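Trainee: need coordinates for the below:
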Amino acid sequence: QRYDGSNECFVYKFTFDIQNRTYSIFEYHAPACPAKAKPYFVQSDDEGITIGAGECPAIYIQNNLLEGSSTESQTFNSEPLCAPTIFQIQNIEIWCPLLQ
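Mentor: The predicted structure is shown next:
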């Protein structure tokens, strides 16, 4: 499996209720030992899309784009981005900047 992306990748959590709206941004955190650093940013295959390390991705989206999950991620030093950690996808927006 090949992961793409750069250390500029990040994930975020947005929560709101009637009185409060908050967000948290989780950026890439390199391991303490740079020699062992394996940046796992974004990977896709026939099974789905993974953002963050494979066993514990910050976001995983199944290949049918209908269901996903979020777990604590070492790549971004993030907590699960939603509760419950398994979710149904209602809308999805994918951006791809044009690189020249």
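
Trainee: quick check, residue 15 in contact with residue 79.
Mentor: No: in this structure residue 15 lies outside contact range of residue 79 using CB atoms under 8 Å: 11.4 Å. (C-beta placed from N, C-alpha, C; glycine too.)

Trainee: the more surrounded of these two?
Mentor: residue 79 (15 against 12; other CB atoms under 10 Å).

Trainee: excluding its backbone neighbours, what's nearest residue 27?
Mentor: residue 10 (4.7 Å; CB to CB, 6 or more residues apart in numbering).

Trainee: give me the distance between that neighbour and residue 21.
Mentor: Counting by CB to CB, to the nearest Å, the gap between residue 10 and residue 21 amounts to 19 Å.

Trainee: measure stretch 87-95 end to end?
Mentor: Chord length of stretch 87-95, first to last residue, is 21 Å (CA to CA, to the nearest Å).

Trainee: for the record, mean pLDDT for stretch 24-34?
Mentor: Across stretch 24-34, the average pLDDT comes to 79.

Trainee: now do stretch 92-100
Mentor: Mean predicted lDDT for stretch 92-100 stands at 75.

Trainee: rewinding a little: neighbour count: residue 10 and residue 21, which is higher?
Mentor: residue 10 (14 against 9).

Trainee: in a strand, that's where residue 15 is, yeah?
Mentor: Yes: counting by DSSP: H, G, I helix; E, B strand; the rest coil, residue 15 is located in a strand.

Trainee: got a pLDDT number for it?
Mentor: 86.

Trainee: for the protein, list the residue farthest from the centre, please.
Mentor: Taking CA atoms, centre = their mean, the residue of the chain most remote from its mean C-alpha position is residue 19, at 27.2 Å.
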